[in-house]
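> sequence and predicted structure below; questions after.
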Amino acid sequence: MPKHSETRRLPYTPEQMFDLVADVRRYPEFLPWVSAMRVRKDGADETLADMIVGFKGLRETFTSKVTKQRPDTIRVEYIEGPLKYLNNDWRFRADPDGGCLVDFSVDFAFKNRMFEMLAGQVFGVALRRMIGAFEERAAVLYGASGSSSSSAHSAA
């Protein structure tokens, strides 16, 4: 049952990062392994979407409800797919030194033990690639900053 939480300091506003994460329609454009996204419902406070993920010949569809509490919180609630559960939270806070602090946490478990074992083996690498993809997307959308991001993180 992989779990991870971390805080990243980024040179963007909390509003910019909120908008980037909330725009699930665009995930196939920049997130690794996300091959398609079908948005069933999209409102100011809630999105319901199916995300198709492919990795090494495996292809799965995840349905989730994304609750958006502008300007600082996004929560992903797992609805249907190959998982037992998924808890995924994003918080966006202004950094007194400029930019923002992004708090990210994810906790999930697969129904299938083979998927669970596979996920455990590649979880750290996959998570770093996914988080890096959000940072790279922010640089594309909002411009790169001369200062590098720093992070504090923990994984269990």
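Yes, it's here.
> which other helices and strands does the helix or strand containing L127 contact?
For L127, the enclosing helix or strand under DSSP states H and E is helix 113-142. Under the contact criterion of 3 or more C-beta pairs under 8 Å, 6 or more residues apart in numbering; DSSP states H and E, helix 113-142 touches strand 3-10, helix 14-22, helix 27-30, strand 100-110, strand 150-155. Yep, even glycine has a C-beta here, placed from its N, CA and C like the rest.
> now it: how far from the chain's centre is it?
Relative to the chain's own centre, helix 113-142 is displaced by 8 Å; criterion: C-alpha atoms, centre = their mean, to the nearest Å.
> so that helix versus helix 14-22, what angle?
Put simply, helix 113-142 runs at 140 degrees to helix 14-22, going by axes from the mean of the first three to the mean of the last three C-alpha atoms, to 10 degrees.
> related to what we said a few turns ago, out of the helices and strands packed on helix 113-142, which comes closest to V66?
Nearest to V66 among these is helix 14-22 (7.1 Å), distances taken as C-beta to C-beta.
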